[in-house]
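A.B. asks: okay, predicted coordinates and the sequence, questions at the end:
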Amino acid sequence: MTSKSKVYFFFERKGFSLTNRLTLKKFIESIFKTEKRKLETLNFVFVSDKKLLEINRQYLKHDYFTDIISFELSQPEMPVVGDIYISIDRVKENAVSLGVSFKSELHRVIFHGVLHLCGFGDKSKKEAGLIREKENFYLQKYFR
């Protein structure tokens, strides 16, 4: 008997998809276990820059492009229910400017969102350093 996944992927744009979805879903669920957070449901929505800018303006009152926005919809101390929106356009641009592959940058952003929902911040220099270390740890673990 197989257990039902708690991670779901949705695509706004035609022509973009993820490979190895089942492996990625299981890995994302393992991050929550490693970070000692219970997961109920997590939706990833892959969108355009335009769509993510609309979300950023409407919900966060920020008027700038970003690669990811994470929403935790659950109450504190309860299993995580969340939505993560990722701009494919921004990830592509960031990959080029950082000199890394699109695949690597996409997974870094995915893991970044998961880590936010596990309680990691990135507002201070110290927080940003820690979340980056965690991203790198999970990237190496995933791609080994």
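C.D. replies: Structure's in. What do you need?

A.B. asks: please list the residues outside the top helix by length along the chain that contact it.
C.D. replies: Scanning the chain for the helix with the most residues, using DSSP state H, yields helix 125-143. Counting contacts by CB atoms under 8 Å, 6 or more residues apart in numbering, the residues outside helix 125-143 that touch it are 24, 27, 31, 104, 107-108, 111-112, 115-116, 120-122. From N, CA and C alone the C-beta is placed, and that goes for glycine too.

A.B. asks: buried set for it?
C.D. replies: With burial defined by 16 or more other CB atoms under 10 Å, the residues of helix 125-143 counted as buried are 131, 134, 135, 138, 139, 142.

A.B. asks: picking that back up, which one of the contacts of helix 125-143 is nearest residue 64?
C.D. replies: Ranked by distance to residue 64 (CB to CB), these are led by residue 122 at 15.5 Å.

A.B. asks: quick one: what helix or strand has the closest one in it?
C.D. replies: No secondary structure element spans residue 122, as it lies outside all helices and strands (assigned by DSSP states H and E).

A.B. asks: and the helices in this protein?
C.D. replies: Taking DSSP H as the criterion, the chain carries its helices at 21-34, 49-60, 88-98, 102-117, 125-143.

A.B. asks: which residues are in contact with the second one?
C.D. replies: In this structure, residues lying in contact with helix 49-60 by CB under 8 Å, 6+ apart are 12, 47, 62-67, 69, 71, 85-87, 89-90.

A.B. asks: how distant is that helix from the center of its chain?
C.D. replies: Between the centre of helix 49-60 and the centre of its chain there are 16 Å (CA atoms, centre = their mean, to the nearest Å).

A.B. asks: also the shortest one?
C.D. replies: On the basis of CA atoms, centre = their mean, the separation between the geometric centre of helix 88-98 and that of its chain is 15 Å.

A.B. asks: quick check: residue 65 vs residue 87, distance?
C.D. replies: The span separating residue 65 from residue 87 equals 7 Å under the rule CB to CB, to the nearest Å.
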